[in-house]
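[1] Prediction below, plus the sequence it came from.
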Amino acid sequence: TAKVRLFDVLMRRFDALAPHKAAVAAIARDLPADPMAALVTLPQLGRSFSWMLMAAGIRTDGVRGLMRVKMVLALWFVTMRVWLGDDDPEHGRTMAALDKHLSRAGRWCGWAGRSSGASRAAAA
């Protein structure tokens, strides 16, 4: 399903960031104190998360796509807080949190338990 593909993409991002966890923690801690840096960073994060959604076969065009990008970005930040405190090499708490947040967001974004239109078209 689209949710499973997105879960995989986002967990791969956490895996890629794992060697830099201390730096990510420092950025997460300091960014709220620097609104200008946060303002400059947001468009880049939006593009990055748009690419991750597209990698999972989820459309990001139009108003609904913009809503999906913002929803995934928000759930990423919430899940990242769990990841920063998750010392398990298997990331069990992080995976549980991400799955929970994706399930909730999927009701609004249309990836809960079904494939996206792009993946259905590719399968046909």
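    Happy to help now that I have it.
[2] By mean pLDDT, flag the weakest helix or strand of this protein.
    Using mean pLDDT, DSSP states H and E, helix 117-123 stands out as the lowest-scoring helix or strand of the chain, at a mean of 40.
[3] Setting aside sequence neighbours, what's the nearest residue to residue 91?
    residue 14 (6.5 Å; C-beta to C-beta, 6 or more residues apart in numbering). All C-beta atoms are positioned from the backbone trio N, CA, C, and that covers glycine.
[4] count of neighbours near residue 27?
    For residue 27, the neighbour count with other C-beta atoms under 10 Å is 13.
[5] How many residues are close by the closest residue to residue 10 other than its chain neighbours?
    Distances taken as C-beta to C-beta, 6+ apart put residue 98 closest to residue 10, at 6.0 Å, once the chain neighbours are dropped. For residue 98, the count of nearby residues is 23 (other C-beta under 10 Å).
[6] and what of the one 4 residues further on?
    Other residues lying near residue 102 total 22 when counted by other C-beta under 10 Å.
[7] sorry, back to before: now name the helix or strand holding the residue nearest to residue 91.
    helix 2-17 (DSSP states H and E).
[8] Against which helices or strands is that helix packed?
    Contacts defined by 3 or more C-beta pairs under 8 Å, 6 or more residues apart in numbering; DSSP states H and E place helix 2-17 against helix 35-55, helix 62-85, helix 92-109.
[9] Give me the distance between the residue nearest to residue 10 and residue 89.
    16 Å (C-beta to C-beta, to the nearest Å).
[10] Could you tell me which residues make contact with residue 11?
    With contact taken as C-beta atoms under 8 Å, 6 or more residues apart in numbering, residue 11 is in contact with 91, 94, 95, 98.
[11] Mind picking the two most distant members of those residues?
    Longest distance between any two of those is 8.9 Å, between 91 and 98; criterion C-beta to C-beta.
[12] Now do stretch 48-68: distance from first to last residue.
    Using C-alpha to C-alpha, to the nearest Å, the end-to-end distance of stretch 48-68 comes to 13 Å.
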